[in-house]
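Engineer: here is the input, now give the coordinates:
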Amino acid sequence: MRRWTRGRWRSLRWPAPPSSPTSRSRPTPNSRAEAAATKPFPSKEEIAKTLQDAGPSGADPRPYLEQLTIPALWLYVTADREVPVDQSVALLNTLKGHGKDFTIITFPDAGHGLLDSPPTDPQAPTTFVDWVLKQVHAEDA
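Structural biologist: Predicted coordinates:
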């Protein structure tokens, strides 16, 4: 886990577990990530059912997306355990149909850290930079 401190991201460290043989140690952030990576990836149907069963979360992005008046780039990955890709893309396509200047790009089999170092898809950084340059040059014209 990381937090923003003094102008940069810093890792949070778990305290050392007590030395008592009866105590249980807390999982480290890395062991949680490893456990998530080995957990079977849910199907699209399972994700849709989970979202439907959960009901509204109270955090609806649609009103904010409807207010956007600038071009927007949306990069999605198909192996994302944190973002419901199909539902997100469907919402954006609906708004795109209403005239929003949205570019939606999906990277098959890439993970959530699309622009991490190294990226989960090597084409992502170039795709991002090319889109930004295209927007800048469009304003110059």
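Engineer: which other residues reach the longest helix belonging to the chain?
Structural biologist: For the chain, the longest helix by residue count, based on DSSP state H, is helix 124-140. Here helix 124-140 makes contact (CB atoms under 8 Å, 6 or more residues apart in numbering) with 71, 73, 75, 103, 105, 107, 110, 114-115, 119. C-beta: built from backbone N, CA, C; applies to glycine.
Engineer: helices along the protein, start to end?
Structural biologist: Counting by DSSP H, the chain has these helices, from start to end: 29-38, 44-54, 62-67, 85-97, 124-140.
Engineer: what about the fourth one, distance to the chain center?
Structural biologist: Between the mean C-alpha point of helix 85-97 and the mean C-alpha point of its chain there is a distance of 15 Å (CA atoms, centre = their mean, to the nearest Å).
Engineer: same for it, what does it pack against?
Structural biologist: Taking 3 or more CB pairs under 8 Å, 6 or more residues apart in numbering; DSSP states H and E as contact, the helices and strands that helix 85-97 lies on are helix 44-54, helix 62-67, strand 72-77, strand 102-107.
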